[in-house]
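Chemist: return atomic coordinates for the entry below.
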Amino acid sequence: MKVMRPSLLQPMLRSVTSNTLHIQSKTLSSLPLEGVKVVDMTRVLAAPYATMNLSDLGADVIKVERPGIGDETRKWGPPFLSPTLSNYFACCNRNKRSIVVDYTTHDGQVIIKKLMAQSDVFVENLKPGTLKKYKLDYENIKSSNEELIFASLSGYGQDGPYSKQGAYDVPLSAEGGLMGITGPVDGEPVKVGVALTDICSGLYLYSSIVAALYHRTKTGLGQQIDVSMFSTQLSMLVNVASNYLNSGIIAKPLGSSHLSIVPYQAFKTSDAYVVIAANNDSQFYDLSEAVGWPWLPSNPMFSTNELRVENSEELLKHLTERFAEETTEYWVDIASSFSFTAAPINNIQEAFEHPQAIHSDIVKTVHNEVDDVDIKVVGHPVKFNGKDPNNYTAPPVLGQHTISILQDLGYSDEEIRVLQKKNIIQSAT
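Modeler: Alright, predicted model coming up:
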């Protein structure tokens, strides 16, 4: 077994008293995952999003890509930032180093194994069974690095009747129930505006890796992580799933309205739309005051949320007429004096020009020196001790760091030239 890396142990002091683990934090002088090394053999969105989050917190992430093609999202455009960088690729691959290796060859497998032997985490989202063909799967690797956390993300998990199927966000959101509850009442199927199943799967993967790193500080051992996008999608159904499992209710698309809360939806105003959220009786009383109907809560049809749900058609008819009489700005302004919420439906430009977005300084600019291009990215949304991680580097061009990574592994210049000549590796320079 390798010696535990001190960098993973230094941030915490542990003592056990009465079977309870007490953790006393030291002053943070570095990023939370500084010293963690990650081999990232992922592509598209879900898993790269997870490894980007690890990199935001200080992990050294080495992105392993295929010769010639790399991550196919490099070509997902327009729009493009440069001939080698699409906006899509840039959204989930900042802070990473790119090495191009043909892992289907013997020499390529040797490189991957050397990377694994020196790393804390290995992340992949290939079809289950792919790495086993090249003896790069967990069972073949764990004996050489018992501390390695081997994390896999796939459409349906590593086993089961659908495990060999490839998967993407929209088909999985369809199979997993999300599209079945999204869209207008009695309308055509509608997907969510971003790849929500991908993103949530990536966040499960990311949090599972962080949990495994913590577990390793107690045991000295790594482990295998299996994240299924299908299972993730089922877990995302939350209250809709609970309604079905416990009450047999099969939800249907409701537009912007809510099955269990009324009013909680968008209403057309005189000039646009406004979203109203009155989640409890107190907020409904305030809403009634704001619309000029203070008597409304005394109506036995609307006095509780349960009654408002039962009589939603009647209540929403009146509210729809009332909200249409004023502008969206009017309703947003008046809500600021009450406990209910009113919000405009912003487009993307309006969202990033929101005063809170500007205050949070969430948009960062990074520079890729190879393509000589400035790239704007949405930074990490979490602050630590009031500070943004703020260690952002540009998403790499294909093979930008191949040579330096191989040199770090101990390859000589001549060995690197031979690997290039055999097309086992590829470099941007």
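
Chemist: let me see the ranges of the strands in the stretch 1-150 of the chain.
Modeler: 12-17, 20-25, 37-41, 60-65, 80-82, 85-86, 96-101, 121-124, 149-154 (DSSP state E, counting those that start in this stretch).

Chemist: ignore what I typed, I meant the stretch 151-300 of the chain.
Modeler: Taking DSSP E, counting those that start in this stretch as the test, the strands found in the stretch 151-300 of the chain are 224-228, 264-268, 273-277.

Chemist: break this structure down into its domains, please.
Modeler: 6-235+366-426, 264-351 (automatic domain parsing).

Chemist: worst mean pLDDT among the ones you listed?
Modeler: Note on those: lowest mean pLDDT is at domain 6-235+366-426, with a mean of 90.

Chemist: out of the strands of the stretch 151-300 of the chain, which is the most enclosed?
Modeler: Stretch with highest mean neighbour count among the strands of the stretch 151-300 of the chain: strand 224-228 (a mean of 21; mean count of other Cβ atoms under 10 Å). Glycine gets a C-beta too; all of them are placed from N, C-alpha and C.

Chemist: who does that one pair up with?
Modeler: Using DSSP bridges, the strands paired with strand 224-228 are strand 149-154 (parallel).

Chemist: can you state the direction angle for the strand it pairs with and strand 37-41?
Modeler: Between strand 149-154 and strand 37-41, the angle comes out at 30 degrees (axes from the mean of the first three to the mean of the last three Cα atoms, to 10 degrees).

Chemist: who's in contact with strand 149-154?
Modeler: With Cβ atoms under 8 Å, 6 or more residues apart in numbering as the test, strand 149-154 has contacts from 42, 46-47, 50, 120-128, 138, 141-142, 158, 163, 167, 201-202, 205, 208-209, 212-213, 216, 222-229.

Chemist: which of these fall within helices?
Modeler: 46-47, 50, 138, 141, 201-202, 205, 208-209, 212-213, 216, 229 (DSSP state H).

Chemist: farthest pair within the residues you listed?
Modeler: Farthest pair in the ones in helices among the contacts of strand 149-154 (Cβ to Cβ) is 216 and 229. Separation: 25.2 Å.

Chemist: re the thing from before, any chance of the strands of the stretch 151-300 of the chain in a markdown table, with distance to residue 78 too?
Modeler: Output for those, formatted as a markdown table (distance: least, Cβ to Cβ, whole Å):
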| stretch | distance to residue 78 |
| --- | --- |
| strand 224-228 | 31 |
| strand 264-268 | 31 |
| strand 273-277 | 30 |
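
Chemist: against residue 179, how distant is the nearest residue to residue 150 once chain neighbours are set aside?
Modeler: Nearest non-adjacent residue to residue 150, counting by Cβ to Cβ, 6 or more residues apart in numbering: residue 138, 4.3 Å away. For residue 138, the distance to residue 179 equals 33 Å [Cβ to Cβ, to the nearest Å].

Chemist: do the same with residue 56
Modeler: The gap separating residue 56 from residue 179 is 30 Å, by Cβ to Cβ.

Chemist: list the contacts for residue 269?
Modeler: Contacts for residue 269 (Cβ under 8 Å, 6+ apart) come out as 323, 324, 326, 327, 328, 330, 331.

Chemist: would you write a ChimeraX line that selects the buried entries of these?
Modeler: This is the ChimeraX syntax for the buried subset of the contacts of residue 269, where burial follows 16 or more other Cβ atoms under 10 Å:
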select :323,326,328,330,331
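
Chemist: can I get the contacts of residue 269 in JSON lines including secondary structure and distance to residue 147?
Modeler: As requested, the contacts of residue 269 are exported to JSON lines (DSSP: H, G, I helix; E, B strand; the rest coil; distance: Cβ to Cβ, whole Å):
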{"residue": "323", "secondary structure": "helix", "distance to residue 147": "58"}
{"residue": "324", "secondary structure": "coil", "distance to residue 147": "62"}
{"residue": "326", "secondary structure": "coil", "distance to residue 147": "62"}
{"residue": "327", "secondary structure": "coil", "distance to residue 147": "60"}
{"residue": "328", "secondary structure": "helix", "distance to residue 147": "55"}
{"residue": "330", "secondary structure": "helix", "distance to residue 147": "60"}
{"residue": "331", "secondary structure": "helix", "distance to residue 147": "56"}
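
Chemist: closest one to residue 365 out of the contacts of residue 269, please.
Modeler: Of the contacts of residue 269, the one sitting nearest to residue 365 (Cβ to Cβ) turns out to be residue 328, at 31.9 Å.

Chemist: the host helix or strand of residue 374: what's the following helix or strand?
Modeler: Element membership of residue 374 [criterion: DSSP states H and E] is strand 373-378. For strand 373-378, the following helix or strand on the C-terminal side (DSSP H and E) is helix 402-408.

Chemist: now that following helix - C-alpha only, PDB.
Modeler: The C-alpha trace of helix 402-408 is given here as PDB (Å, rounded to 0.1, in the frame of the first residue of the first chain):
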ATOM      1  CA  THR A 402       0.800  15.900 -23.500                       C
ATOM      2  CA  ILE A 403       4.600  16.500 -23.500                       C
ATOM      3  CA  SER A 404       4.800  18.000 -20.000                       C
ATOM      4  CA  ILE A 405       2.600  15.200 -18.500                       C
ATOM      5  CA  LEU A 406       4.800  12.500 -20.100                       C
ATOM      6  CA  GLN A 407       7.900  14.200 -18.900                       C
ATOM      7  CA  ASP A 408       6.400  14.200 -15.400                       C
END
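
Chemist: buried ones in that helix?
Modeler: For helix 402-408, a neighbour-count test (16+ other Cβ under 10 Å) marks 402, 403, 405, 406 as buried.

Chemist: tell me how far the spatially most distant residue from the centre of the chain lies from residue 182.
Modeler: Residue farthest from the centre of the chain, counting by Cα atoms, centre = their mean, is residue 295 at 45.1 Å. According to Cβ to Cβ, residue 295 stands 36 Å off from residue 182.

Chemist: likewise for residue 41?
Modeler: For residue 41, the distance to residue 182 - Cβ to Cβ - is 32 Å.
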